[in-house]
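Undergrad: Take this sequence and fold it.
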Amino acid sequence: MPRSDQIACRIRGELRQGQFGYAGDRFLTVRELAERFGISLSTAQKVVRQLKDEGLLVGDSTNPAKISLEAVSGGPAESGGPRRLGLVVTNIASPFFSSLCRHVQFVGLELGCQVLAASSEYDCLREERAIRGFLEIGVEGLLICPGLADECTRLYRDLLARGVPVTFVSRRVPQLEADYVVAHNFVGAASVAGHMLNMGYRSFGYIAFGPRLDPDVRLSGFRSALQEEGVELPDERVVAGEGRDIQHGYAAMSHLMQGKNRPRAVLAYNDLLGIGALQYCRDQEIDVPGEAAVAGFDNLPESRVTTPPLTTVDYGVESMARLAVQTLLGRIRDPRRLPNRILLEPHLVVRQSTDPDARDPAASEKTGSSQAGSSIPF
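TA: Numbers count the residues shown, from 1 in each chain. Okay, the predicted model is just below:
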């Protein structure tokens, strides 16, 4: 066997074991390869050319070669096993993200993929370690529910520059040209505003998700729809909690309901914050929706069993999961295609937290026969 073939065979195994790094990392230069294995420059050039022909290295002749995804994964065709995909969510304990994770894994199994999941807990360093671990064991692409911090954006930009297939789920990163599957948050929040205005409410509040580094599109949609009808949402009635869970919604509603100028209708960034707002009203004996109407966003199962049931916005987490997996697989097959940007059309689900005459959501919501509450496409 020629010396170049021997070296190439050895390198194939070492690439699989991650000894040269992970997908997107720079491979050895021709000179570094020659020195490492004690071979001539011409033999080293043959090795690099052979590994490129096999798809294990990528790059042109003017730049150092990079390690391909196929090099570290073995490729599904070669290994005979399922494709490996990585999923990173921000908080696996959240009912929304746990549901998204479950649906992504179901869809992956259906499409012949193994989905490995990790939770960043809103920690960029933890997220980076999880992603590096995924790539080291050979995942072919990443589904990411992106974090908000600047260092997270830098991490994602680096992944895209390396050629790692990435699809963002549930939130896009405006600074990056990348695939994403998200709800049409502006339209969904505007539909809540339209419903509240139709119910006769004229004084509004909004519970935001913590201090954000990016624009809150749900707030923008809510405020824009109100302004179209000549109604303002003052900044002092936009309260940012310390997080996006029930206790944060409780604290934010407490702040909104202090003083004389209480809002008559409140939209919360998500259902958990909305549920917290409802709990505050119950504890303070504030009649909902008689004295204060409350709505959420996401249509979590928990929103159906609150007292009263919570008006919310549904956009189909199962559809989000399916489209995200399909988009990522499309990116893996065709890395050079233009970004695929998918906005899921939302539906307003009216329940008794904003409309006392709404139908009982316990009837048979999501059975396909009779919808609990009024499910209004917008």
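Undergrad: ok, now which ones touch His255?
TA: Residues counted as contacts of His255 (CB atoms under 8 Å, 6 or more residues apart in numbering) are Val239. From N, CA and C alone the C-beta is placed, and that goes for glycine too.
Undergrad: Now it: which helix or strand?
TA: helix 246-256 (DSSP states H and E).
Undergrad: Following element in sequence after that helix, please.
TA: strand 265-268.
Undergrad: The following helix or strand past that following strand versus helix 246-256: what angle between them?
TA: Later in the chain than strand 265-268, the nearest helix or strand by DSSP H and E is helix 271-283. Here helix 271-283 points in a direction 60 degrees away from that of helix 246-256 (axes from the mean of the first three to the mean of the last three CA atoms, to 10 degrees).
Undergrad: re earlier: list the buried residues for the helix holding His255?
TA: When burial is assessed from 16 or more other CB atoms under 10 Å, helix 246-256 yields the following buried residues: Ile246, His248, Gly249, Tyr250, Ala251, Ala252, Met253, Ser254, His255, Leu256.
Undergrad: Ok, stretch 97-116 next?
TA: Quick answer for stretch 97-116 (16+ other CB under 10 Å): Phe97, Ser99, Leu100, Cys101, His103, Val104, Gln105, Val107, Gly108, Cys113, Val115, Leu116.
Undergrad: Check stretch 266-286 too.
TA: 266-281, 286.
Undergrad: got it, and stretch 159-177?
TA: 159-160, 162-173, 176.
Undergrad: Same question for stretch 296-305.
TA: Result for stretch 296-305 [16+ other CB under 10 Å]: buried residues Gly296, Phe297, Asp298, Asn299, Leu300, Glu302, Ser303, Arg304.
Undergrad: Ramachandran angles for the closest residue to Val169 other than its chain neighbours?
TA: Residue nearest to Val169 in three dimensions, not counting chain neighbours: Ala324, with 4.6 Å by CB to CB, 6 or more residues apart in numbering. Main-chain torsions, Ala324, degrees, to the nearest 10: phi -70, psi -50.
Undergrad: With Val182 instead?
TA: Per-residue torsions, Val182: phi -140, psi 160 (degrees, to the nearest 10).
Undergrad: what's the nearest residue to it if we skip its chain neighbours?
TA: By the measure of CB to CB, 6+ apart, the closest residue to Val182 outside its immediate chain neighbours is Arg172, 5.4 Å from it.
Undergrad: how about the strands in the stretch 101-250 of the chain?
TA: For the stretch 101-250 of the chain, the strands defined by DSSP state E, counting those that start in this stretch cover 113-119, 141-144, 166-169, 179-183, 204-208, 238-240.
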